[in-house]
Each structure stands twice: as C-alpha cells, then as structure tokens.
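J.: Can you look at this prediction? I've put the sequence above it.
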Amino acid sequence: MSVAKPDVGNVVFIGAGNMAEALVKGILGGGLCPRNAIGVTDVRPERREYFEKHFGVRALTANREAVRRADVVVLAVKPQAMAEVLGELRGAIPKTALVMTIAAGIPTTSLEDGLGEGTRVVRVMPNTPSLVQAGASALCGGRWATEPDLATAGALMASVGLVARVKEADMDAVTAVSGSGPAYVFFLAEVLLHAAEKMQLDAGTARDLTVATIEGAARLMKETGLPPAELRARVTSKGGTTEAALNVLREKGVFESFVEAVLAARRRAAELLKS
Ligand SMILES: NC(=O)c1ccc[n+]([C@@H]2O[C@H](COP(=O)([O-])OP(=O)(O)OC[C@H]3O[C@@H](n4cnc5c(N)ncnc54)[C@H](OP(=O)(O)O)[C@@H]3O)[C@@H](O)[C@H]2O)c1
C-alpha cells in the first residue's frame with residue numbers, strides 16, 4: 001500500500017550547510033517536492049553554486065526575498081548565527097508559512113519572539129547520521145504550530161531517518177541521548193580500535209570488524225525488538241570471554257559512569273539555553 005506524501009509546497013533553507021544538504025538530498029530522494037520548489041540561501045557563494053549544480057535547486061542571496069513565497073522555511077544556520085537571521089527575517093515570512101528550526105538548543109519561544117507573534121514554529125533536534133539518511137530526530141511544536149505543521153516537519157525529517165515527537169521539556173534529554181549519542185558510539189569504536197591495536201590486529205581489518213559489529217548489533221536490537229540486556233546476556237556464556245570483559249566493566253563502574261555522562265550532557269544543554 002502506498003502512503004500519501006504530504007504536499008510540503010515551497011521549501012526555503014536559510015543556510016546551505018551539511019544539514020541542509022542532507023535534507024535536500026532526502027526530500028528529493030523521497031519525492032516530497034520538485035527541485036524547483038526548493039530554494040537555498042547562504043552567505044557563501046560556493047555553497048549556493050554547489051546546491052544549484054548538484055541538486056538543481058534555486059540558490060538565492062537575500063534571505064528576506066527568499067522566504068517571501070515560502071510554505072516552509074528551514075532555519076539551518078549554526079545557533080550563533082540565529083539572532084542575526086531572525087532579525088533579518090522578521091516581518092518577511094508569510095503568516096501561512098511553517099518555520100522549522102534544526103539549530104541545537106534554541107527554544108521555540110526565542111524564535112516566536114524573534115519572528116513575531118503567531119509564527120508557527122517546529123523545533124527539531126537531528127543528529128549527524130542524518131548526513132547519510134540514517135538519522136534520529138525528535139521534534140516539538142511551538143505555541144502556534146498546528147498538527148499539519150508537525151506532520152509536514154515530520155515528513156521532511158523522515159526523509160533523513162527516524163522521527164520522534166516529544167514535549168519541548170524533553171528536548172534537553174533528547175539532545176543528551178540521540179543528539180550527542182553518535183559520539184558515545186564513536187567513543188566505543190575508538191576503544192575497540194585502540195584495544196585491537198594493542199593486540200596487533202591489522203588496522204583495516206579491525207576497522208571493518210568494528211563497523212560491522214556496531215551496525216550488526218544495532219540491527220539485531222531493532223529487528224528482534226529485544227531489550228539490550230537480554231541480547232547482551234545471550235552473548236555472555238558462563239565463564240566465557242564476554243563475561244571476562246563485562247566483569248572488568250562492572251568492577252570499574254563503567255555503566256554508572258556512562259549514565260552520569262549522559263546526564264551531564266542534559267545538564268549542559270539546559271545551561272546553554274540559559275546563557
Ligand atoms: N551537523 C549536524 O549533524 C547537526 C546535528 C544536529 C543539529 N545540527 C544543527 O543544524 C544546524 C546547521 O548545521 P550544519 O552542520 O549544517 O552547519 P553549517 O555546515 O555551518 O551550515 C550553515 C551554513 O549557513 C551559513 N550562514 C551563516 N549565516 C548565514 C546567514 N545569515 N544567512 C544564510 N546563511 C548563513 C554558513 O556560512 P558560514 O560558515 O560562513 O557561517 C554555513 O554555510 C546548526 O544549527 C546545528 O546546530 C547539526
């Protein structure tokens with residue numbers, strides 16, 4: 001059965017960086033809208049040219065002009081550039097448009113205050129695997145966002161991976177779990193590669209085995225739907241090699257340290273919001 005795709009209309013990206021590139025690729029790949037319905041702006045001419053050449057989308061220079069006929073405006077600049085962008089766009093975005101932000105740590109109220117009363121804002125926290133269409137994003141709506149707005153933002157983000165809807169109060173926890181999450185997995189990969197080197201395993205072989213192991217374990221968890229503790233127990237025979245490894249992790253309190261680390265990320269996300 002084919003699922004009807006929402007008509008997302010004209011989508012304009014403010015900031016044509018890595019994330020915008022992933023999303024444009026996903027939107028075109030998923031057939032969410034035609035090339036000529038996508039516009040991008042960027043302060044860097046080389047990024048505008050790149051988007052025009054690679055994706056055949058419209059590249060524009062003036063942010064205010066670019067959003068005038070937009071149905072969806074995606075704010076895809078770094079958080080540091082957001083205040084300037086909001087100042088530029090204030091009063092230029094049509095009242096009918098949805099404003100989707102993927103900037104880390106900027107609450108919907110800041111955007112509503114910056115762009116004006118009644119602005120329909122959806123805030124998204126994506127993660128870096130979105131760059132290879134394997135992302136995990138969470139989204140929440142602002143005061144004036146409608147259900148169709150959340151559905152549209154959900155469809156756009158689904159073109160680069162999984163999407164979850166959360167309350168805005170949970171965004172800091174999401175940042176700590178899936179936003180920073182890829183870094184924890186890369187950290188584990190570093191550990192395995194470092195240990196492999198100590199055991200004089202060939203570096204290329206170790207990398208291939210590590211990548212396939214992480215990918216395979218994630219797929220096993222997804223496809224079986226089993227809790228990770230159960231899957232771990234299934235690899236851990238009494239007196240075996242895995243048990244020897246896990247005993248060391250237990251003795252050193254690695255589980256507790258990791259939990260503390262994730263909670264520290266959430267605390268930092270909350271602090272950054274206040275600064
Ligand atoms: N990359 C990720 O995986 C990831 C994950 C989670 C969230 N995010 C969020 O996604 C957003 C975009 O990240 P990114 O990695 O794609 O950033 P990026 O590669 O730096 O792209 C942003 C682009 O916007 C340009 N820009 C700056 N000010 C502008 C303005 N006033 N008008 C138009 N363009 C402007 C930047 O130019 P300059 O470089 O010259 O400033 C840059 O080319 C960020 O807010 C980030 O927090 C990213």
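T.: Yep, that arrived.
J.: Could you point out the helix or strand that follows the helix or strand residue 215 falls within?
T.: Mapping residue 215 onto the secondary structure by DSSP states H and E places it in helix 203-224. Using DSSP H and E, the next helix or strand after helix 203-224 towards the C-terminus is helix 228-235.
J.: show me the contacts for the nearest residue to residue 78 once chain neighbours are set aside.
T.: Using C-beta to C-beta, 6 or more residues apart in numbering and skipping residues adjacent in sequence, the residue nearest residue 78 is residue 103, 7.0 Å away. Yep, even glycine has a C-beta here, placed from its N, CA and C like the rest. Neighbour list for residue 103: 75, 76, 77, 78, 79, 82 [criterion: C-beta atoms under 8 Å, 6 or more residues apart in numbering].
J.: ok, residues contacting the helix holding residue 215?
T.: The contact list for helix 203-224 (C-beta under 8 Å, 6+ apart) reads 185, 188, 189, 192, 193, 196, 197, 228, 231.
J.: near the ligand too, which of those residues?
T.: The subset of the contacts of helix 203-224 within reach of the ligand, by C-beta under 6 Å from any ligand atom, is empty.
J.: Now tabulate the residues you listed in JSON lines and tack on secondary structure, neighbour count and distance to residue 255.
T.: Supplementary listing: the contacts of helix 203-224 in JSON lines, determined by DSSP: H, G, I helix; E, B strand; the rest coil; neighbours: other C-beta atoms under 10 Å; distance: C-beta to C-beta, whole Å:
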{"residue": "185", "secondary structure": "helix", "neighbour count": "12", "distance to residue 255": "16"}
{"residue": "188", "secondary structure": "helix", "neighbour count": "14", "distance to residue 255": "13"}
{"residue": "189", "secondary structure": "helix", "neighbour count": "16", "distance to residue 255": "19"}
{"residue": "192", "secondary structure": "helix", "neighbour count": "17", "distance to residue 255": "18"}
{"residue": "193", "secondary structure": "helix", "neighbour count": "16", "distance to residue 255": "22"}
{"residue": "196", "secondary structure": "helix", "neighbour count": "17", "distance to residue 255": "23"}
{"residue": "197", "secondary structure": "helix", "neighbour count": "12", "distance to residue 255": "25"}
{"residue": "228", "secondary structure": "helix", "neighbour count": "10", "distance to residue 255": "12"}
{"residue": "231", "secondary structure": "helix", "neighbour count": "14", "distance to residue 255": "16"}
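J.: Show me the helices in the stretch 51-200 of the chain, by range?
T.: Using DSSP state H, counting those that start in this stretch, the helices of the stretch 51-200 of the chain run over 63-67, 82-89, 108-115, 147-158, 171-174, 181-198.
J.: Tell me which of those sits most buried.
T.: Burial among the helices of the stretch 51-200 of the chain, expressed as mean neighbours by mean count of other C-beta atoms under 10 Å, is greatest for helix 171-174, which shows a mean of 23.
J.: Domains in the chain, by residue range?
T.: Each domain of the chain is listed here as a residue range: 11-171, 179-274, per automatic domain parsing.
J.: Save the ones you listed as CSV, and put in mean pLDDT too.
T.: Compiled in CSV, these are given as follows (pLDDT from 0 to 100):
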stretch, mean pLDDT
domain 11-171, 96
domain 179-274, 96
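J.: Of those domains, which stretch is the most buried?
T.: domain 11-171 (a mean of 19).
J.: and that domain, how far apart are its ends?
T.: As for domain 11-171, its first-to-last residue distance stands at 24 Å under the measure C-alpha to C-alpha, to the nearest Å.
J.: Contacts (any at all) between the ligand and that domain?
T.: Yes - looking at domain 11-171 against the ligand by C-beta under 6 Å from any ligand atom, the contacts come from 14-20, 41-44, 47, 63, 76-79, 81, 84-85, 102-104, 126-128.
J.: chain center to that domain: distance?
T.: Relative to the mean C-alpha coordinate of its chain, domain 11-171 is positioned 12 Å out (C-alpha atoms, centre = their mean, to the nearest Å).
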